[in-house]
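[1] Below are the sequence and a predicted model; questions follow.
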Amino acid sequence: MDGTYVDHAYAEHLTDTDLELLATASGAAGTSGGAAAALRRDPPAISRLLGHPAAFEAVYGRSAVRAGRPALVSPFLAFAVAVHRAAAELASMTHVVERTGPRQRVPVLDAPMLAGFLESPERRLFLAELLASFTRAAEGRYQVRTPRGPRWLRFSEVDPARFAGLLDAVPERERPGVYRRLGDIALFLAGVFPDHTFGPAFGPIHVERLLRDARVVRDEEKDRLSAAPGLELMEHLGTRWYRRACELAAVRTRRLAVVAEVADSFRAARRVLNHVADCYLFADGEAGFAPPGR
């Protein structure tokens, strides 16, 4: 993917306040016409500033937290800075903790693999956009036809079993988008709220529905996944949903190419988000996310 695309995407997402903060923190402020305007004329500079140590300190440092940040900056800036910080930190680490159960963690010597995932500017942008998209998760109702007449069902972007029901309700042309969002939901839950995947929300009834909607048809595969921990299930389903979105899409876009990459490295993406959530997002609060089921 063209790096220029990534640079311009950051410029579109970030507010003038965000850009002023980046420029001030890094010492790049003071250009004529205002720092924000100057950065918008030079999108590659924005990408460089997101990885500047001073940018992280300005958003997540102790003085920043006392001043009310990251709440005072846009969610996208907070997440983009965190993802870039993770890329820098993981490059110098040897191990990262991994979940083995609710609140249970063990060190795994694969930090270089996670750092490799984040070497791609496109994948860094993907994760920042993913996190920002869940600060206001959508929910609502949709109608389905039954033998007894129309019936209204609820959907939520933090409940994959309910959201998967949309596959039976939307026109065929909209299904790639539903599959894409299902992949996002799986990655978000497994990456930001991994302990939730070990809970009752992934009981037998919900798991059976998820496997059906993911087109898992072989009995031996169904049996294995039905008995698998929720985290493993989300990895498997998220990968399938992303790949299904790519298969059904009428046009192969740049963004969809990144979706395919993430599908091939879903576990790495999930573990990067685990690191981001543990080390930055939840260090002093809930980072703008309501826990699933609240």
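    Nice, I can see it.

[2] what ranges do the strands span in the protein?
    Per DSSP state E, the chain carries strands over the ranges 96-101, 104-108, 139-146, 149-156.

[3] tell me the most buried of these?
    By mean neighbour count, with neighbours taken as mean count of other C-beta atoms under 10 Å, strand 96-101 ranks first of the strands of the chain at a mean of 16. Quick note: C-beta positions are derived from backbone N, CA and C, even for glycine.

[4] Point out the other helices and strands that that one packs with.
    In this structure, strand 96-101 packs against strand 104-108, helix 266-276, with contacts taken as 3 or more C-beta pairs under 8 Å, 6 or more residues apart in numbering; DSSP states H and E.

[5] Could you rerun that using 6 Å?
    strand 104-108 (3 or more C-beta pairs under 6 Å, 6 or more residues apart in numbering; DSSP states H and E).

[6] partners of the strand it packs on in the sheet?
    Partners of strand 104-108 in the sheet, by DSSP bridges, are strand 96-101 (antiparallel).

[7] Residue ranges in the protein under the pLDDT threshold?
    Applying pLDDT under 70 to the chain flags residues 1-3, 29-33, 68-71, 199-205, 213, 215-220, 284-291, 293-294.

[8] Can you spell out the domain ranges of it, please?
    Listed domain ranges for the chain are 3-133, 139-265 (source: automatic domain parsing).

[9] how about those domains in CSV, adding distance to C279?
    CSV is the format used below for the domains of the chain (distance: least, C-beta to C-beta, whole Å):
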stretch, distance to C279
domain 3-133, 7
domain 139-265, 12
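
[10] just to revisit the earlier point, export the strands of the chain as TSV, with columns for distance to F188.
    Formatted as TSV, the strands of the chain follow (distance: least, C-beta to C-beta, whole Å):
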stretch	distance to F188
strand 96-101	15
strand 104-108	20
strand 139-146	14
strand 149-156	12
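
[11] quick one: which of those is nearest E174?
    strand 139-146 (11.4 Å; C-beta to C-beta).

[12] circling back: could you work out which of the strands of the chain reaches nearest to A250?
    strand 139-146 (22.5 Å).

[13] Now do that closest one: everything it contacts.
    150-154, 156, 169 (C-beta atoms under 6 Å, 6 or more residues apart in numbering).

[14] Output that strand as PDB, restricted to C-alpha atoms.
    Provided in PDB are the C-alpha atoms of strand 139-146 (Å, rounded to 0.1, in the frame of the first residue of the first chain):
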ATOM      1  CA  GLU A 139     -26.500  -1.100  18.700                       C
ATOM      2  CA  GLY A 140     -30.000  -1.300  17.500                       C
ATOM      3  CA  ARG A 141     -32.700  -3.500  16.100                       C
ATOM      4  CA  TYR A 142     -33.400  -5.200  12.800                       C
ATOM      5  CA  GLN A 143     -36.400  -7.100  11.400                       C
ATOM      6  CA  VAL A 144     -36.500 -10.800  10.300                       C
ATOM      7  CA  ARG A 145     -39.300 -12.800   8.800                       C
ATOM      8  CA  THR A 146     -40.500 -15.900  10.700                       C
END
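
[15] Good, wrapping up.
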